[in-house]
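**Student:** any chance you can model this:
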Amino acid sequence: PKELFVSIELPLCKSSENITLDVFKHRLYLESNEPNYKLDLKLPYPVFENESRAKFDKSKRCLNVTMPVVPFVAKFEFSN
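**Tutor:** Numbers count the residues shown, from 1 in each chain. This next block holds a predicted model:
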């Protein structure tokens, strides 16, 4: 895939103010203290963490995260 999309429902959050979101190459981590939410999600593909984007939808109380996937490059070794 070219990108991963994760939609996280946070029905008790009115905004993204108290939400901490970290995207790593193989993991997405979300935490909020007021209200209490925690998500530690292993991603099925490596992603470009610095190119990932997140947007909080206030009407749906949902955080949408889009993460571009690192392209797979096959490595071939030739023997003589």
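**Student:** all strands of this structure, in order?
**Tutor:** Under the criterion DSSP state E, the chain contains strands at 3-9, 19-23, 27-32, 37-42, 53-57, 62-68.
**Student:** for the fourth one, packing partners?
**Tutor:** Packed against strand 37-42 by the contact rule (3 or more C-beta pairs under 8 Å, 6 or more residues apart in numbering; DSSP states H and E) you find strand 27-32. From N, CA and C alone the C-beta is placed, and that goes for glycine too.
**Student:** can you tell me the average pLDDT over the strand it packs on?
**Tutor:** Averaging pLDDT along strand 27-32 gives 98.
**Student:** next one: the residue nearest to Glu51 when sequence neighbours are not counted, what pLDDT does it get?
**Tutor:** Distances taken as C-beta to C-beta, 6 or more residues apart in numbering place Pro68 nearest to Glu51, at 5.0 Å, with adjacent residues excluded. pLDDT for Pro68: 98.
**Student:** could I get the strands of the chain as TSV with distance to Glu77 and mean neighbour count?
**Tutor:** What follows is the strands of the chain, written out as TSV (distance: least, C-beta to C-beta, whole Å; neighbours: other C-beta atoms under 10 Å):
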stretch	distance to Glu77	mean neighbour count
strand 3-9	30	14
strand 19-23	32	16
strand 27-32	30	17
strand 37-42	29	12
strand 53-57	37	14
strand 62-68	28	18
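**Student:** could you dump those strands into a markdown table with distance to Phe78 added?
**Tutor:** Output for the strands of the chain, formatted as a markdown table (distance: least, C-beta to C-beta, whole Å):
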| stretch | distance to Phe78 |
| --- | --- |
| strand 3-9 | 33 |
| strand 19-23 | 37 |
| strand 27-32 | 35 |
| strand 37-42 | 34 |
| strand 53-57 | 40 |
| strand 62-68 | 31 |
